[in-house]
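Engineer: A predicted structure for the sequence below; I have some questions about it.
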Amino acid sequence: MSNFETENTQLLVDPEPVVVVSPKRNTKSKIIEKIKHLCEQNNLKLHESDTTLKRMSKLQLNKLMAKKTEELLEQKIKNNVIQTRLEQSESVREQIGIRTLQYGLNVLNRMIEKAGAQMLPRYGYTMEGFSQQFEQSPNKEQLTEILRAILAENPDIFDHISSPYVRLAFVYVSCVTSSIRKTSETNKHAAIRPADDEKI
C-alpha cells in the first residue's frame, strides 16, 4: 500500500469525539461567584473577604447566598414603598397647587364680577353668573387641566403658592371683595367718626 492510500485510509477513519468538560455548577467557587455578582449588581454590601469566603463551607455559602437574596428583596420592597410615597406626595402637592390657584382665580373672578356690576350698567350691559360659569362643566374640567399644565411647565410656582402667607393673602382679599357693598349715596366729604364707647 502506498503512502497516498495510507493517508486516505486514515482520513476515512472516524475521529475520536471531543469531550467537553462543563464546569461543575455547585462548587464553592461558583457559589462565591454568584454571591459576589449578586452584591455587585444590586449594591449590596459584602463584608466577607475572598479569603473568608473560600474558607467557608458550601452550607455556609448557601446560607450567605440566601441572606443576600433576602436583603435584595427587602431593598426592593423598601424602594417600592418609597417610590409609592413619593408619587403620592407629588400627587398631593399637585392637588394643593391646583386648589390654591383655583382659589386665587375665584377671588379674581369675584373682583371682576363686582367691577362689571358697577361699570357695565353705565353702557347698558350687565354681568350675571360670571363666577358660576367657571364651576360648570366643561369649563371646570378644562380649567383644572390648564392649571395642571401651568404647574408642570412652571414648577417654581409651587414655592410661591404653597406659602401660607400667600394663601392668607388670598383669604383676606376674598373676604374684602365679598364684604364691600356700594351705598346708594356717596358723600366724599364725610368725616370719619370715631366709634362710640361701649356702655358698661
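Structural biologist: Good, I have the coordinates.

Engineer: now the element after the helix or strand of the chain with the lowest mean pLDDT, going C-ward?
Structural biologist: In the chain, the helix or strand scored least confidently by mean pLDDT, DSSP states H and E is helix 3-12, which has a mean of 54. Sequence order places helix 28-41 as the next helix or strand after helix 3-12, per DSSP states H and E.

Engineer: name the nearest residue to residue 111, sequence neighbours excluded.
Structural biologist: Among residues not flanking residue 111 along the chain, residue 177 sits closest, at 5.3 Å (CB to CB, 6 or more residues apart in numbering). Yep, even glycine has a C-beta here, placed from its N, CA and C like the rest.

Engineer: just how off-centre is the helix or strand where the one you found lies within its chain?
Structural biologist: Here residue 177, judged by DSSP H and E, is contained in helix 164-179. Centroid separation for helix 164-179 versus its chain: 30 Å, with CA atoms, centre = their mean, to the nearest Å.

Engineer: counting by contacts, list what the helix or strand containing residue 68 packs against.
Structural biologist: Counting by DSSP H and E, the element that carries residue 68 is helix 58-119. If you count contacts as 3 or more CB pairs under 8 Å, 6 or more residues apart in numbering; DSSP states H and E, helix 58-119 packs onto helix 28-41, helix 130-133, helix 139-153, helix 157-161, helix 164-179.

Engineer: can I get these in JSON lines with mean pLDDT?
Structural biologist: Listed next are the helices and strands packed on helix 58-119 as JSON lines, based on pLDDT from 0 to 100:
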{"stretch": "helix 28-41", "mean pLDDT": "89"}
{"stretch": "helix 130-133", "mean pLDDT": "84"}
{"stretch": "helix 139-153", "mean pLDDT": "87"}
{"stretch": "helix 157-161", "mean pLDDT": "74"}
{"stretch": "helix 164-179", "mean pLDDT": "77"}
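
Engineer: no further queries at this time; thank you.
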